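Asker: next input, structure requested:
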Amino acid sequence: MRILSKKALKELVLYSPQHIARLEKAGQFPKRVQLGSNRVGWVESEVLDWLKERILARE
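Answerer: As a prediction, this is how the structure comes out:
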């Protein structure tokens, strides 16, 4: 299992951190994992599955 940093997530998803937070709050994006008091990350496989859903939805 791999955890994505905010920087890695932004490069993969191309959304601003604010938009990602809004999608998370609405239940439309994988939830972040609290790694420490000042550190969060996202499970890479969950984000990739979310991206695959977006790709399939366009067809």
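
Asker: for the rest of this, base every contact and every neighbour count on C-alpha atoms.
Answerer: Noted.

Asker: and the strands in the protein?
Answerer: All strands of the chain, identified by DSSP state E, fall at 3-4, 33-36, 39-43.

Asker: can I get these in CSV with distance to residue 54, mean neighbour count and mean pLDDT?
Answerer: Formatted as CSV, the strands of the chain follow (distance: least, Cα to Cα, whole Å; neighbours: other Cα atoms under 10 Å; pLDDT from 0 to 100):
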stretch, distance to residue 54, mean neighbour count, mean pLDDT
strand 3-4, 19, 18, 98
strand 33-36, 22, 11, 96
strand 39-43, 17, 16, 97
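
Asker: now these as TSV including distance to residue 51?
Answerer: Formatted as TSV, the strands of the chain follow (distance: least, Cα to Cα, whole Å):
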stretch	distance to residue 51
strand 3-4	14
strand 33-36	18
strand 39-43	13
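
Asker: helices of the chain, residue ranges please.
Answerer: 6-13, 17-25, 44-57 (DSSP state H).

Asker: dump the second one to PDB, keeping only the CA atoms.
Answerer: C-alpha atoms of helix 17-25 as PDB (Å, rounded to 0.1, in the frame of the first residue of the first chain):
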ATOM      1  CA  PRO A  17      -6.300  21.400  -2.400                       C
ATOM      2  CA  GLN A  18      -9.500  23.400  -1.700                       C
ATOM      3  CA  HIS A  19     -11.500  21.600  -4.400                       C
ATOM      4  CA  ILE A  20     -10.200  18.200  -3.100                       C
ATOM      5  CA  ALA A  21     -11.400  19.100   0.400                       C
ATOM      6  CA  ARG A  22     -14.800  20.100  -0.900                       C
ATOM      7  CA  LEU A  23     -15.100  16.800  -2.800                       C
ATOM      8  CA  GLU A  24     -14.000  14.900   0.400                       C
ATOM      9  CA  LYS A  25     -16.600  16.700   2.500                       C
END
